[in-house]
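In: Fold the following for me, if possible:
(one chain, ligands or ions: 2)
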Amino acid sequence: MRILHQSQGFTTFEQAVSRAEKSNRSVLYSKTMEIDTIDPLQFYEAGYSIFNGTRTFWQDPKSEAVFAGAGAARTFYIEDKNRFDALSNQWNAFLKDAVIDNESSVGGPVILGGFSFDPEKDKSHEWSSFKQGYFQLPAFMLTVNQYGHAFLTMNIVCNKGENAVSVWNRMQQQKEALLNKSVSTLQDVNVVSIKEYEPDEWRSSITSVVQRIDNKELEKVVLARKVKVQFDDKKRSDSVLEKLRDDQSESFIFSFEAGDSCFIGATPERLIKKNHNKVLSTCLAGSIARGNTMEEDQQLGHELLNDQKNLGEHEIVVRMISKSLEDLCHQLTVPKQPVLMKMRDIQHLYTPVEGETDRASILEFVKELHPTPALGGTPTHKAMEMIREEEEMDRGFYAAPVGWLNAAGDGEFAVAIRSGLLSGEKAYLYAGCGVVRDSDAESEYQETLIKLRPMVRAVGGTIS
Ligand SMILES: C=C(O[C@H]1C=CC=C(C(=O)O)[C@@H]1O)C(=O)O
Ligand SMILES: [Mg+2]
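Out: Ligands and ions are numbered 1, 2, ... in the order given. Sure thing, here's the model as predicted:
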């Protein structure tokens, strides 16, 4: 066997190995190096043959951080219902003793994944791989920053008694394979059918919830539904990601593979971004279609900005997010009026909220903010109870926080709407809408159809 002692990083790797030997504990070795620029999707696709089932992808709307991960150095399965604290504890314990060899300000050990929407809801079979939280520390992670510079992070978990040289050599071979693999065009599969589940019952549940809102049981609740797509063969996440990236560049694009399943989507809704002491959250609620002409589109936008039902739906979110962040930030800026955010199929009311904080971890913010009334409701507790009662399905990770986190506690989380679960020859796609006093069942149903469109299109189908 060829011994690659001289390769970049071997000395620091040996340090991690000897730490593992001495302490008899697992020790993380993480090495980041700048590499020639490479398209993150190409890297993701190149990972298919060796790492199918353990790949990850994340791109924010401004492409400030694009991550593609292949292989899992460590998977964090969170079973505890107190899922945010559980991940925080596991991540911090895991980083203890880590040898991090990184001269750049990007890369380093980063975990990517998400949490369940509601830990109290019984878990359905299709979501069984994801638990209450599912995060991957990629074995190989490509980071491309906003200047197009590319970095490769290699993460290795060292254990006592392992043959360091052979572990190192295997990693080097896999690295070469990932970076040099030419990717052939995908043979895509066909959509056989798209099934809605009891749409009439769903409309009736909206009407009954509106009555309960009238009776002052609660102010707002977001009700969701799913559709099932059947393909004629296994659907690969690569092809879905490619379409989402072409169509939904103003959204967060994500993919988390878990064996035969993959949670994937393109969501416009940021939950929280934390970079040192700066945090940014966004309130997104209230929706209207795009117009067919520029005039019609502007007219619809104007209508949305002045519509009392949608303004009310939005204001509830701004109120809750501001209140939650007040406790965690020493300075907060909240604009008085929303503006429009336009995506290919839909326009929303949008209010960015910025703050300054001395809190260490983004997970503290995720814990405080989730579920916002953009996907839960107000009062939160009552809305969650009503979702459990009214929705037959398990939302799984739909409408829940997904994102990434680094060793310093910085990162970004979005709310996983406009998303779906790929599961072999099937996919489940999800959409919901904010129900308030003035909601009308048919309009809310139509709103979910619009919201389903990007994912239906991305898997190769069409819907109304
Ligand atoms: C719950 C969803 O959207 C939320 C985000 C933006 C606008 C919404 C609305 O107008 O109802 C929803 O609160 C979804 O897309 O599944
Ligand atoms: Mg709405």
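In: and this structure, which residues reach ligand 2?
Out: Counting by C-beta under 5 Å from the ion, the chain comes close to ligand 2 at 287, 433-434. Glycine gets a C-beta too; all of them are placed from N, C-alpha and C.
In: Let me see the contact set for E303.
Out: Neighbouring residues of E303 by C-beta atoms under 8 Å, 6 or more residues apart in numbering: I288.
In: Now the helix or strand in which it is found - C-alpha only, CSV.
Out: Assigning secondary structure by DSSP states H and E places E303 in helix 294-305. Taking C-alpha atoms only, helix 294-305 is exported to CSV below (Å, rounded to 0.1, in the frame of the first residue of the first chain):
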residue,chain,number,x,y,z
MET,A,294,-46.0,43.0,-14.9
GLU,A,295,-49.1,45.3,-14.3
GLU,A,296,-51.2,42.4,-12.9
ASP,A,297,-48.2,41.3,-10.7
GLN,A,298,-47.8,44.9,-9.3
GLN,A,299,-51.6,45.1,-8.7
LEU,A,300,-51.6,41.8,-6.8
GLY,A,301,-48.6,43.0,-4.7
HIS,A,302,-50.4,46.2,-3.9
GLU,A,303,-53.4,44.3,-2.9
LEU,A,304,-51.4,42.1,-0.6
LEU,A,305,-49.7,45.0,1.1
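In: anything in it near ligand 1?
Out: No. Judged by C-beta under 6 Å from any ligand atom, helix 294-305 and ligand 1 are separated, with a smallest distance of 9.5 Å.
In: For the helix or strand following that helix, which helices and strands make contact with it?
Out: Next helix or strand after helix 294-305 toward the C-terminus (DSSP H and E): helix 308-326. Applying 3 or more C-beta pairs under 8 Å, 6 or more residues apart in numbering; DSSP states H and E, we find helix 308-326 packed against strand 278-289, strand 329-333, strand 346-357, helix 362-369.
In: And the helix holding E303, what's buried?
Out: Residues 297, 300-301, 304-305 are the ones in helix 294-305 that count as buried (16 or more other C-beta atoms under 10 Å).
In: Could you let me know which of those residues ends up closest to ligand 1?
Out: L304 (9.5 Å; C-beta to the nearest ligand atom).
In: Quick one: residues contacting the closest one.
Out: 286-288, 310, 340, 347-349.
In: Turn those residues into TSV, columns for distance to I206, pLDDT and neighbour count.
Out: Shown next, in TSV, are the contacts of L304 (distance: C-beta to C-beta, whole Å; pLDDT from 0 to 100; neighbours: other C-beta atoms under 10 Å):
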residue	distance to I206	pLDDT	neighbour count
G286	17	97	26
S287	15	97	20
I288	18	98	22
N310	16	97	22
L340	25	98	17
Q347	22	98	21
H348	19	98	23
L349	20	98	26
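In: What angle do strand 278-289 and the helix holding E303 make with each other?
Out: Angle between the axes of helix 294-305 and strand 278-289 is 120 degrees (criterion: axes from the mean of the first three to the mean of the last three C-alpha atoms, to 10 degrees).
In: what kind of secondary structure is the residue positioned nearest the centre of the chain in?
Out: In the chain, the C-alpha nearest the mean C-alpha coordinate belongs to V402, at 3.1 Å (C-alpha atoms, centre = their mean). Secondary structure, DSSP: H, G, I helix; E, B strand; the rest coil: V402 is strand.
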